[in-house]
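Colleague: got a predicted model here, sequence first, then my questions.
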Amino acid sequence: MEDSRIIKTEYSEVMQKSYIDYAMSVIIARALPDVRDGLKPVQRRTLYDMHELGIRYDRPYRKSARIVGDTMGKYHPHGDSSIYEALVVMTQDFKKGMPLIDGHGNFGNIEGDGAAAMRYTEARLEKVTQEAFLSDLDKDVVDFVPNFDETEKEPAVLPVKIPNLLVNGSEGIAVGMATNIPPHNLAEVIDAAKAYMKDPEITTKGLMKYVKGPDFPTGGIVINKDELLSVYETGTGKIKIRGKVEIEKAKGGKTNLVITEIPYPMIGANIGKFLSDVAALAETKKTQDIVDISNQSSKEGIRIVIELKKDADVNNFINMLYKKTRLEDTFGVNMLAISDGRPETMGLKQIIKANVDFQFEVAGRKYKTLLEKELERKEIQEGLIKACNVIDLIIEILRGSKDRAMVKDCLTEGKIDGIKFKSKESRIMAAQLRFTEKQANAILDMRLYKLIGLELEALIKEHEETMANIYRYEDILERRDSMAQVIIKELDAIKKEYGRPRRTVVENGEEAVYEEKKMEEMEVMCLIDRFGYVKTIDMPTYERNKEAADGENKYVFPCKNTGRICVFTNMGQLHTIKVPDIPFGKFRDKGVPLDNISNYSAEKETIILVTGQSQLNLYRVVFATRQSMLKIVDGGEFDVAKRTVSATKLQEGDEVVSAAILKEQSNIVLQTAEGYFLRFPIEEIPEKKKGAVGVRGMKLGNKDYVENVYYTQNSTENFIEYKGKKMELNKIKAGKRDTKGIKPRI
């Protein structure tokens, strides 16, 4: 039997350590971008894998499934869907300020439709990605680290030449923290980086002369320009953004509002939500200016057309859209990124500083590598030039030697033992040779045609070029100004080729002031049918159709068109609904389900009582439950602003059987499932608060429960049908509350 050790430890400590390890891995290695290249690990690995596969911008597209599979197998041991989603986002020009991947096929659209499966789509790198993200990987500019199973090497960061974190922005949810960085204009960000290089003491305000604000690919108008300085200094804040609305004249003197640009947060499913919100404004009579709404958007861009009536107040309507829909939205900025291996919220200057420092580090490593190569080339060139001058001697050494090692020893150390020379002079000259190891190898590998005069001249010219390169590289490495000039030159080239005009307007917009037309208060009739569909009609319509309305609907009651209706359910809940939210119209209109405009759920609850709030305020409500708990509550207690509140407290397993408005009723009659009846005066029921359980109304048998509740007036006959026979309630012998009741003879 093997020896085994059981290590006893505190369970909470293990849990804490495991959770912290998990949280840190999500924060550092999954959800947040690196401030240097602005990429999350999955994005970095996908781009590097495409680079390794040779899927360049000038080569044919390759299947996305091939890229995803290769990335997953070599570098990113997570789900293929997460890799493909990252690839898709990097192709979408409506999400990214500068797409990094060139997609071929269906990669989704601005309205939220997803991309086709990865087996159908193809992709390749964009030219800018090849040139500004991956171009110097062969020059030892960044550290390479082992992949997850240590079979491959991957770059810890890509040598990105631009502040990509700002250009493309980023969004991600980690554990206990999230990042949300808006995209910016490439040309502006490059200008800001250049300004910082020239003056490291520049302030955020100074940088904002170049970076005016975010530049969303969807355009739009940022309306809180004065608040942006605080956002960019702290790295957190809110950006208010509106869609762009154009006014077009239509036929018949009508006006069309055309939305050509949308707020960035609206992309995806929120475009559909916006359309339904505008339609809802018309349905709920918030506005009567809308004739029609249509989404005419295409590949060419967004075009949402709202057709207005002739006499519509256009400016007031536009302001209503800003107030009531997502045509004006907020982008919550939280510029959180990984800096020096830890998450940090950074302002504009910090991000640009981190990127510029990274540029200098990359350039330093690049020119150090290039210098080393040039020095090596210089050494070989000088050896070959020197060899050409004594070529007869070298040929004599070659012919007189037994093997390569003997020749090499002679060339590098002047060892002449065993070599046959034609003359004593040659022997003396050979003993003086002192070529380096690399030079000796180059001489031995040299081809005879190199001895042609023109080839020798080319070699000397090449040596001069090498010396010029060495001088230039040493200057770049020794002087920061020289390196800055090189970096600025590269940035200018990128800006010239890939810069584009700003799409988002940044200004101080006026607060949208919308004057809501006050609804003229009037009494309407609320109708709810047995299927739970609700509508309101005006009183003259009700009077004309009174018989049909009362016969076809389960609940018919008056209410104010500006008020609320109250729905009491068997679960003891009160759901309130604003009457303006209920469709108002013709008698034969269908209405809408109660579920759609309130928290009421027909699957989980049963309606016990529905009434108007204004009527409820004038009276009291009596509650009776299955377990025979009774109480009276003042109707004013139900005048609440919340959509759902508890109307009464219920004991476990209990539910409301009856809720009735007290007007002229004198007696209450409780009937149980086993056929017991108890009639007693309503005065015996105490008034309680809505949060109370109440008092017991009737003593029940073991499995008995209250099935029905009736109310009577002393001087009026009240008949019910019970077990197929008529029964007069007031003839039941009166009793007292909290007694068993009687079983009447029928």
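Modeller: Good, I have the coordinates. Numbering: from 1, shown residues only.
Colleague: how many residues are close by residue 413?
Modeller: Neighbour count of residue 413, defined by other Cβ atoms under 10 Å: 13. In short, each C-beta sits where N, CA and C put it, glycine included.
Colleague: in the stretch 251-400 of the chain, where is pLDDT below threshold?
Modeller: For the stretch 251-400 of the chain, applying pLDDT under 70 flags the ranges 284-285.
Colleague: any idea where the strands of it begin and end?
Modeller: Remark: strands assigned in the stretch 251-400 of the chain by DSSP state E, counting those that start in this stretch are 255-261, 290-295, 304-308, 328-334, 336-339, 342-345.
Colleague: so residue 35 touches residue 336, yeah?
Modeller: No - Residue 35 lies out of contact with residue 336 (Cβ atoms under 8 Å); the separation is 9.7 Å.
Colleague: number of residues surrounding residue 26?
Modeller: Here the number of neighbours of residue 26 (other Cβ under 10 Å) works out to 17.
Colleague: please apply the same query to the one 10 residues further on.
Modeller: The criterion is other Cβ under 10 Å. On that basis, residue 36 has 27 neighbouring residues.
Colleague: before we move on, back to that, to residue 276, which of the strands of the stretch 251-400 of the chain lies closest?
Modeller: Smallest distance to residue 276 across the strands of the stretch 251-400 of the chain (Cβ to Cβ): 9.7 Å, for strand 290-295.
Colleague: ranges for the strands of the stretch 101-250 of the chain?
Modeller: With strands called from DSSP E, counting those that start in this stretch, the stretch 101-250 of the chain shows them at 101-104, 122-125, 144-146, 153-155, 170-173, 178-181, 221-222, 236-242, 244-249.
Colleague: paired strands for the second one, with orientation please.
Modeller: Using DSSP bridges, the neighbouring strands of strand 122-125 in the sheet come out as strand 62-63 (antiparallel), strand 101-104 (antiparallel).
Colleague: can I get those in CSV with mean pLDDT, distance to residue 691 and mean neighbour count?
Modeller: Converted to CSV, those look like this (pLDDT from 0 to 100; distance: least, Cβ to Cβ, whole Å; neighbours: other Cβ atoms under 10 Å):
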stretch, mean pLDDT, distance to residue 691, mean neighbour count
strand 62-63, 97, 64, 16
strand 101-104, 96, 60, 20
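Colleague: which one of the ones you listed lies closest to residue 362?
Modeller: Closest to residue 362 of those is strand 101-104 (Cβ to Cβ; 22.3 Å).
Colleague: how about the most centrally placed residue in the chain, nearest residue that isn't a chain neighbour?
Modeller: Closest to where the C-alpha atoms of the chain average out (Cα atoms, centre = their mean) is residue 171, at 6.2 Å. Leaving aside its sequence neighbours, residue 171 sits nearest to residue 180 (Cβ to Cβ, 6 or more residues apart in numbering; 5.1 Å).
Colleague: I'd like the distance between the residue nearest to the centre of the chain and residue 207.
Modeller: Distance, residue 171 to residue 207, by Cβ to Cβ, to the nearest Å: 23 Å.
Colleague: equivalent analysis for residue 577, please.
Modeller: Here the criterion is Cβ to Cβ. By it, residue 577 lies 52 Å from residue 207.
Colleague: save the strands paired with strand 122-125 as CSV, and put in distance to residue 534 too.
Modeller: Output for the strands paired with strand 122-125, formatted as CSV (distance: least, Cβ to Cβ, whole Å):
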stretch, distance to residue 534
strand 62-63, 54
strand 101-104, 48
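Colleague: what pLDDT is listed against the residue nearest to residue 544 when sequence neighbours are not counted?
Modeller: Using Cβ to Cβ, 6+ apart and skipping residues adjacent in sequence, the residue nearest residue 544 is residue 587, 7.9 Å away. pLDDT for residue 587: 86.
Colleague: can you classify residue 587 by secondary structure?
Modeller: Secondary structure, DSSP: H, G, I helix; E, B strand; the rest coil: residue 587 is coil.
Colleague: in contact with it, which residues?
Modeller: 537, 541-542, 544-545, 548-549 (Cβ atoms under 8 Å, 6 or more residues apart in numbering).
Colleague: ok, residue 381 next?
Modeller: 459, 462-463, 466.
Colleague: now it: how far from residue 421?
Modeller: In terms of Cβ to Cβ, residue 381 sits 28 Å off from residue 421.
Colleague: check residue 600 too.
Modeller: 112 Å.
Colleague: of these two, which one has the most company?
Modeller: Legend: neighbour count by other Cβ under 10 Å for residue 600 and residue 421, higher for residue 600 (22 against 17).
Colleague: need phi/psi at the more buried one.
Modeller: Per-residue torsions, residue 600: phi -60, psi 140 (degrees, to the nearest 10).
Colleague: confirm for me that it is in contact with residue 608.
Modeller: No - taking Cβ under 8 Å as the definition, residue 600 is not a contact partner of residue 608, at 11.6 Å.
Colleague: quick revisit: in a markdown table, list the strands of the stretch 101-250 of the chain along with distance to residue 673.
Modeller: Shown next, in a markdown table, are the strands of the stretch 101-250 of the chain (distance: least, Cβ to Cβ, whole Å):
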| stretch | distance to residue 673 |
| --- | --- |
| strand 101-104 | 68 |
| strand 122-125 | 69 |
| strand 144-146 | 75 |
| strand 153-155 | 73 |
| strand 170-173 | 54 |
| strand 178-181 | 56 |
| strand 221-222 | 67 |
| strand 236-242 | 60 |
| strand 244-249 | 64 |
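Colleague: out of the ones you listed, which is closest to residue 487?
Modeller: strand 153-155 (19.6 Å).
Colleague: mind listing what residue 739 touches?
Modeller: Residue 739 neighbours (Cβ under 8 Å, 6+ apart): 678, 698-699.
Colleague: show me what it is bridged to.
Modeller: residue 698.
Colleague: okay, now the residue nearest to residue 27 when sequence neighbours are not counted: neighbour count?
Modeller: Once flanking residues are discounted, residue 27 sits nearest to residue 174: 4.4 Å by Cβ to Cβ, 6+ apart. Applying other Cβ under 10 Å, we find 18 residues neighbouring residue 174.
Colleague: residue 174 and residue 25 touch, don't they?
Modeller: No - the pair residue 174 / residue 25 is not scored as a contact, 9.8 Å apart, by Cβ under 8 Å.
Colleague: show me how to select, in ChimeraX, the buried members of the contacts of residue 739.
Modeller: Of the contacts of residue 739, the buried ones go into a single ChimeraX selection, burial set by 16 or more other Cβ atoms under 10 Å:
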select :678,698
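Colleague: for the contacts of residue 739, which one is nearest residue 376?
Modeller: residue 698 (104.5 Å).
Colleague: give the contact list for the closest one.
Modeller: By Cβ under 8 Å, 6+ apart, residue 698 lies in contact with 628, 670, 672, 676, 678, 706, 737-741.
Colleague: in strands, which of those fall?
Modeller: Among the contacts of residue 698, DSSP state E puts 670, 672, 678, 706 in strands.
Colleague: between these, which is closest to residue 300?
Modeller: Using Cβ to Cβ, residue 706 comes nearest to residue 300 of these, at 67.6 Å.
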